[in-house]
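In: What shape does this take:
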Amino acid sequence: MSLFQQHSLSIAQLKHILENNLPVHIFDVRSQADFDQWHIPDSILLPVNEALQATDANVFKELTLVRDHPVVVVCQEGFLSQKAMQQLRDLHIEAYSLEGGIRQWTKVWNTAEIQIDTTKIIQIRRVGKGCLSYMIISDNMAVVIDPALSSDVFINLATQHQAHIKYVLDTHIHADHFSRAKDLANKTDADLMLPDQNVLQYDFHPLKDGDLLHFGQTYLKALHTPGHTDESFSYLWLDKVLFSGDVLFLNGVGRPDLKSDQQMAIQKTEKLYQSLQKIKSLPDETLILPGHFSGAIRFDQNIVGDTLINLKEQLDLLKLNQPDFIQEILTDMPDTPPNFENIVDLNIKGEANEKDLLQLEAGGNRCSSQK
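Out: Model (predicted):
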């Protein structure tokens, strides 16, 4: 029996399949380079995009294909996958085309939660980009950090947990996605608390190093951790959890080169090194929750994070002295994020058209200095 009546699936339908661990194979027919940049968890790469574009009618006939489960075909925008789906159906394989392709997939999200004492931390994962947002709840009061999805996502989550959003924070001015912080604060009457700088063109409450944000029975401490950007902040919860933004990731550190010439990049890398020393001085068991993740995030409810002691052991960059660190960071930097200047400009204004963002935000994030 067919999984669905139609021959195409929406991103919501595929999300439902993955969330419920239903049997399915995902065939990604893009190029190896596109697949390496971003893909859906457990996808099988079949790099036949050129053959499909050439309208080759026998793309799959020589391939050994799995036939035990339905197949969802993914391409960049949902056009080539329709051709692939039809050819697979001609081979008597139950196949579907993902509507909108990997571009639409950038809007998909899921959550993972941890409870520490009386405080709940919800990690909201934009799985198609690797953007990680957070909601911290204590006594029905909530703080949101780095909202990278529609404001409705966070408003609905707060309602589900019977919480009122008191503060909305960003860790820095983002270059890979449009921040919904301003919009979320406006819609919830929350205080918009952002790093102190004179770049943004709208009103907010400026945060300084060491500021405390009290909510419910607990508080966050704002830590100025420049390097990725000059205004970058991290937020520390009770010496137990650090929301490290784009300063420290699980597999690398923030890149200091965006909007910088060589001399500026060196200066920012020096600041980044000092910020990492500041973080390394925290208790070893501090849980590091970053602002991004570089791999495809699974629908497994496991929070993306690790302890500081593990990162100190696993990341060679954290073991280097300052001169070696600077040399390592500025050598062989990853490709520049697409559209980053346009996205930064929108974040400075605090206004954007959601329809335009689908194209601007497409693809994975490239905020790490590690490839």
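In: Strands along the stretch 251-371 of the chain, start to end?
Out: 287-290, 306-307 (DSSP state E, counting those that start in this stretch).
In: Just put those in TSV and tack on mean neighbour count and mean pLDDT.
Out: In short, each C-beta sits where N, CA and C put it, glycine included. Conversion of the strands of the stretch 251-371 of the chain to TSV gives the following (neighbours: other CB atoms under 10 Å; pLDDT from 0 to 100):
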stretch	mean neighbour count	mean pLDDT
strand 287-290	24	98
strand 306-307	16	98
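In: Identify whichever of those lies nearest to Glu19.
Out: Ranking the strands of the stretch 251-371 of the chain by proximity to Glu19 (CB to CB) places strand 287-290 first, at 21.7 Å.
In: That closest one pairs with which strands?
Out: strand 241-245 (parallel), strand 306-307 (antiparallel) (DSSP bridges).
In: Check the offset of the shortest one from the chain's centre.
Out: Taking the mean of its C-alpha atoms, strand 306-307 sits 18 Å from the chain's own mean (CA atoms, centre = their mean, to the nearest Å).
In: Same check on stretch 218-226?
Out: That offset, for stretch 218-226, works out to 21 Å (CA atoms, centre = their mean).
In: Can you point out the buried residues in that stretch?
Out: Going by neighbour count (16 or more other CB atoms under 10 Å), the buried part of stretch 218-226 is Thr218, Leu220, Lys221, Ala222, Leu223, His224, Thr225, Pro226.
In: Kindly reformat these as JSON lines and extend each row with secondary structure, pLDDT and distance to Gln201.
Out: Output for those, formatted as JSON lines (DSSP: H, G, I helix; E, B strand; the rest coil; pLDDT from 0 to 100; distance: CB to CB, whole Å):
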{"residue": "Thr218", "secondary structure": "strand", "pLDDT": "97", "distance to Gln201": "32"}
{"residue": "Leu220", "secondary structure": "strand", "pLDDT": "98", "distance to Gln201": "26"}
{"residue": "Lys221", "secondary structure": "strand", "pLDDT": "98", "distance to Gln201": "28"}
{"residue": "Ala222", "secondary structure": "strand", "pLDDT": "98", "distance to Gln201": "22"}
{"residue": "Leu223", "secondary structure": "strand", "pLDDT": "98", "distance to Gln201": "25"}
{"residue": "His224", "secondary structure": "strand", "pLDDT": "98", "distance to Gln201": "22"}
{"residue": "Thr225", "secondary structure": "coil", "pLDDT": "98", "distance to Gln201": "24"}
{"residue": "Pro226", "secondary structure": "coil", "pLDDT": "97", "distance to Gln201": "21"}
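In: just the strands paired with strand 287-290: most buried one?
Out: Each of these was scored by mean neighbour count; the highest is strand 241-245, a mean of 27, by mean count of other CB atoms under 10 Å.
In: quick one: which of the strands paired with strand 287-290 is nearest His39?
Out: strand 306-307 (22.7 Å).
In: Run a quick neighbour tally on Thr118.
Out: 11 (other CB atoms under 10 Å).
In: can you pull the contacts of it?
Out: Ser138, Asp139, Gln217, Thr218 (CB atoms under 8 Å, 6 or more residues apart in numbering).
In: Just the ones in strands from those, please.
Out: Of the contacts of Thr118, the ones assigned to strands by DSSP state E are Ser138, Thr218.
In: Any chance of the strands of the stretch 251-371 of the chain in JSON lines with distance to Leu317 as columns?
Out: JSON lines is the format used below for the strands of the stretch 251-371 of the chain (distance: least, CB to CB, whole Å):
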{"stretch": "strand 287-290", "distance to Leu317": "14"}
{"stretch": "strand 306-307", "distance to Leu317": "15"}
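In: who wins for proximity to Val74 among the ones you listed?
Out: Going by CB to CB, the one of these nearest Val74 is strand 287-290, 26.2 Å.
In: Do you know the pLDDT at the closest residue to Leu360 other than its chain neighbours?
Out: Spatial nearest neighbour of Leu360, excluding adjacent residues (CB to CB, 6 or more residues apart in numbering): Asn339 at 4.7 Å. Confidence at Asn339, expressed as pLDDT, is 81.
In: So, low pLDDT: which residues of this structure?
Out: Across the chain, the ranges flagged by pLDDT under 70 are 1-5, 337, 363-371.
In: Please parse it into its domains.
Out: 8-104, 108-360 (automatic domain parsing).
In: Quote the end-to-end distance of the shortest one.
Out: In other words, domain 8-104. Terminal residues of domain 8-104 are spaced 13 Å apart (CA to CA, to the nearest Å).
In: How far does it sit from its chain's centre?
Out: The answer for domain 8-104 is 23 Å, by CA atoms, centre = their mean.
In: What is the burial count for Gln217?
Out: 11.
In: hmm, back to that, nearest approach to Asp335 belongs to which of the strands paired with strand 287-290?
Out: Asp335 lies closest to strand 241-245 among these, at 21.2 Å (CB to CB).
In: Point to the residue nearest the middle of the protein.
Out: Cys131 (1.2 Å; CA atoms, centre = their mean).
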